[in-house]
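**Student:** Return a 3D structure for these sequence lines:
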Amino acid sequence: MKLKYFFIGLVVASALTACGSDAAIPSDATPTDEAAEIYPDYRDIYIPSNIAPLNIQVTSGGDEFVAAIKGKSSEILAAATEDGKLKFDSTEWHALLADNQNGTLEVTIYSHRDGKWLQHPAYALHVAEPIDRYLSYRLIEPSYEIYRQLGLYQRDLETFSEKPIYENNRSYDSLNNHCVNCHNYQNYDTKRMLFHVRASHGGTVFVDNGKIKKLNMNSDSILSSSVYPAWHPKRNWVVFSTNQTGQAFHISKKEKIEVMDFGSDLIFFDADAATSTNLMKTDDHLETFPCWAPDGKKLYYCSAYVRWFAGRDTKARENAITVVYDSIRYNVYSMTFDEQTRTFGEPVLEYDCASLGKSASVPRVSPDGRYLLFTLGDFGQFHIWHKSSDLYVKDLQTGEVYPLTNANSNDVDSYHTWSSNGRWIVFSSRRDDGSYTRPYIAYFDKDGHDHKAFLLPQEDPEQNLLLLKSYNVPELTRSAVPVTPEQLKEAIYDDSATGKITYKSKL
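**Tutor:** Numbering: from 1, shown residues only. Have a look, this model is predicted:
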């Protein structure tokens, strides 16, 4: 849509756009081999049986459009004028999906151009298992240093409803301005959740069955502040990585920014006792991105060996990282865990990425314990800015490692989450424009095969392009967050109530 229509056109288009009984299939349409160009690309994909309507915009030209989605016993229609935005009635859409569970829908688009109607080739929507209802994420401007306007949000995937979990103060008031990041839940349930607050009113916020507390996780015995969390699936324990990171900007490369890790360890946190213990504390190994197996009997993580870091202090490592950053490569490891004795076994190499000239990050195990999903890039561990980053899985039963070829793109594909039934993956991708991360959803079938990914549906198909923010750290949950932004704000701003952790030398 041209800019001259921005203020008036939006109102007129919304008034003229029709759905349901107001739309009709043109009786005089001429079939054509020309495929209608649509955004987002929802052609020939698997979709959850409870997903919100896949509204689209036809971008291949015309002054009127009609879309028909046909199931085994019924069909639904939508119509649009020259803006090409086809929006389906939500009630009709969900009824159609319910009637065609595990079936296939046929989508046909008609466009009116140069005084005549054209019928474009049909494409398919395969209706598969449901997805967890809620997706949470951070919305942040890709400004690298300023976090004046950001927040954590939760989207109802069955509708277009998005609600804030918590927003920072959205002002220039440096006394209250802060960053929030690394939201995490226990076993797809929001009864237990956490996230970090950085800068003003800093700390880590824990929610446990509606009770909110903020803790200062720092300790002289721990390398740095806690960063990436992994909540034990059954117990009130969290393993964090503690990362010393910095960032630099490229002058001539395609990547815009480099986030570098020059010191990282793993710590074990007992949230009931508010005690923290070092699991691994080394200067020449960089351990990060912990992840529990769904039975809680094994911990996965990434680790890079940097020989030059041995015996070096923080300042020396920080000075060296900009020289050696593109030679640091992380492998995937695991350690067994005995819940009764709270003891970890020796590290086991799960995938030797470095020997392939590659580097791994963000291991996540499928809910059935069968597949280990991770991202693989050329180097480093902050792959959300690496165009080489793709999604890979290791079949923990057979040992086979392979890329998710159908879901990956030519741009960044990174931070990911499984659905609780193991059939869906949601991940961040920059495939649209190379600058903004947006959530993509891909089907992962029972045989371990991935399928074409599709963009998170919006009521306005253009919404993701018009929103100048990146979606960061998508996480699926079965339930909605039970506390309000106001309750979280009260706990965050009350610095007098901030608790402190106790360091223990042994678990």
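**Student:** Low-confidence stretches in the protein?
**Tutor:** By pLDDT under 70, the weakly predicted segments of the chain are 1-21, 143-148, 169-175, 252-255.
**Student:** one more time with 50, if that's ok
**Tutor:** Along the chain, the model assigns pLDDT under 50 to residues 1-21.
**Student:** how about the helices of it, start to end?
**Tutor:** Along the chain, counting by DSSP state H, helices occupy 6-16, 90-99, 314-324, 463-466, 485-493.
**Student:** Any idea which of those gets closest to residue 53?
**Tutor:** helix 90-99 (4.3 Å; CB to CB). In this view, the C-beta of every residue, glycine as well, is placed from N, C-alpha and C.
**Student:** Please name every helix or strand in contact with that closest one.
**Tutor:** In terms of contacts (3 or more CB pairs under 8 Å, 6 or more residues apart in numbering; DSSP states H and E), helix 90-99 is packed against strand 75-80.
**Student:** Listing partners with orientation, what would you give for the strand it packs on?
**Tutor:** Note on strand 75-80: by DSSP bridges, its sheet partners are strand 18-19 (antiparallel), strand 64-70 (antiparallel).
**Student:** what's the most buried one of these?
**Tutor:** The highest mean neighbour count among the strands paired with strand 75-80, using mean count of other CB atoms under 10 Å, belongs to strand 64-70: a mean of 22.
**Student:** Contacts for it next, please.
**Tutor:** 23-26, 56, 58, 75-82, 84, 86, 88, 96, 105-112, 125 (CB atoms under 8 Å, 6 or more residues apart in numbering).
**Student:** Produce a PyMOL select command limited to the buried residues of those.
**Tutor:** The buried residues among the contacts of strand 64-70 can be selected in PyMOL (16 or more other CB atoms under 10 Å) with this line:
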select buried, resi 23+56+58+76+77+78+79+80+81+82+84+86+88+96+105+107+108+109+110+111+112+125
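**Student:** quick one on the thing from earlier: so for residue 282, which of the strands paired with strand 75-80 sits nearest?
**Tutor:** Taking the strands paired with strand 75-80 one by one with CB to CB, strand 64-70 is closest: 56.3 Å.
**Student:** how much does that closest one deviate in direction from helix 90-99?
**Tutor:** Put simply, strand 64-70 runs at 30 degrees to helix 90-99, going by axes from the mean of the first three to the mean of the last three CA atoms, to 10 degrees.
**Student:** I'd like the helices of the chain as a markdown table, with distance to residue 51 appended.
**Tutor:** Formatted as a markdown table, the helices of the chain follow (distance: least, CB to CB, whole Å):
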| stretch | distance to residue 51 |
| --- | --- |
| helix 6-16 | 23 |
| helix 90-99 | 8 |
| helix 314-324 | 42 |
| helix 463-466 | 15 |
| helix 485-493 | 26 |
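**Student:** Figure out which of those helices is closest to residue 359.
**Tutor:** Nearest of the helices of the chain (CB to CB): helix 314-324, 12.9 Å.
**Student:** In terms of secondary structure, what does that closest one contact?
**Tutor:** strand 237-249, strand 257-270.
**Student:** okay, those strands, which one's buried deepest?
**Tutor:** Of these, strand 257-270 is the most buried (mean count of other CB under 10 Å), at a mean of 22.
**Student:** and that one with strand 237-249, angle?
**Tutor:** Going by the same axes, to 10 degrees, strand 257-270 makes 160 degrees with strand 237-249.
**Student:** which other helices and strands contact strand 257-270?
**Tutor:** Counting by 3+ CB pairs under 8 Å, 6+ apart, strand 257-270 packs on strand 226-231, strand 237-249, strand 275-280, strand 285-292, helix 314-324.
**Student:** do that again at 10 Å, thanks
**Tutor:** strand 226-231, strand 237-249, strand 275-280, strand 285-292, strand 298-305, helix 314-324 (3 or more CB pairs under 10 Å, 6 or more residues apart in numbering; DSSP states H and E).
**Student:** Tabulate those (JSON lines), appending distance to residue 182.
**Tutor:** Converted to JSON lines, the helices and strands packed on strand 257-270 look like this (distance: least, CB to CB, whole Å):
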{"stretch": "strand 226-231", "distance to residue 182": "6"}
{"stretch": "strand 237-249", "distance to residue 182": "9"}
{"stretch": "strand 275-280", "distance to residue 182": "16"}
{"stretch": "strand 285-292", "distance to residue 182": "11"}
{"stretch": "strand 298-305", "distance to residue 182": "15"}
{"stretch": "helix 314-324", "distance to residue 182": "21"}
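**Student:** nearest to residue 121, of the ones you listed?
**Tutor:** Judging those by CB to CB, what sits closest to residue 121 is strand 285-292, at 42.9 Å.
**Student:** what's the angle from the closest one to strand 237-249?
**Tutor:** Using the same axes, to 10 degrees: strand 285-292 against strand 237-249 is 130 degrees.
**Student:** what sits against residue 41?
**Tutor:** Taking CB atoms under 10 Å, 6 or more residues apart in numbering, we find residue 41 in contact with 56, 123, 431, 432, 452, 453, 454, 455.
**Student:** which of the residues you listed count as buried?
**Tutor:** 56, 123, 431, 432, 453, 454, 455.
**Student:** I'd guessed the fifth one sits against residue 413; true?
**Tutor:** Read it as residue 453. Yes: using CB atoms under 10 Å, residue 453 makes contact with residue 413 at a distance of 8.2 Å.
**Student:** Need the residues touching each of those two.
**Tutor:** 391, 404, 407, 427, 429, 431, 440, 442.
**Student:** For the last one, the count of nearby residues, please.
**Tutor:** This means residue 442. A total of 23 residues lie near residue 442 under the criterion other CB atoms under 10 Å.
**Student:** quick revisit: columns distance to residue 44 on top of the strands paired with strand 75-80, output as CSV?
**Tutor:** Below are those laid out as CSV (distance: least, CB to CB, whole Å):
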stretch, distance to residue 44
strand 18-19, 23
strand 64-70, 14
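**Student:** can I assume residue 460 is in contact with residue 57?
**Tutor:** Yes: using CB under 10 Å, residue 460 is in contact with residue 57, at 8.6 Å.
**Student:** Neighbour count for those two, which is higher?
**Tutor:** Applying other CB under 10 Å to residue 460 and residue 57 shows that residue 57 carries more neighbours, namely 20 against 16.
**Student:** Excluding chain neighbours, what is closest to that one?
**Tutor:** The shortest distance from residue 57 to any non-neighbouring residue, by CB to CB, 6 or more residues apart in numbering, is to residue 461 (4.1 Å).
**Student:** Residue 78 is in contact with the one you found, correct?
**Tutor:** No: counting by CB under 10 Å, residue 461 stays clear of residue 78, with 11.3 Å between them.
**Student:** any common contacting residues for those two?
**Tutor:** Common neighbours of residue 461 and residue 78 (CB under 10 Å, 6+ apart) are 55, 56, 85, 86, 87.
**Student:** what's the farthest-apart pair in those?
**Tutor:** 56 and 87 (8.7 Å).
**Student:** so what sits against both of the two?
**Tutor:** Listed as contacting both residue 56 and residue 87 by CB under 10 Å, 6+ apart are 67, 78, 80, 461.
**Student:** Reformat these as a markdown table; add distance to residue 281.
**Tutor:** Listed next are the shared contacts of residue 56 and residue 87 as a markdown table, based on distance: CB to CB, whole Å:
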| residue | distance to residue 281 |
| --- | --- |
| 67 | 59 |
| 78 | 59 |
| 80 | 60 |
| 461 | 50 |
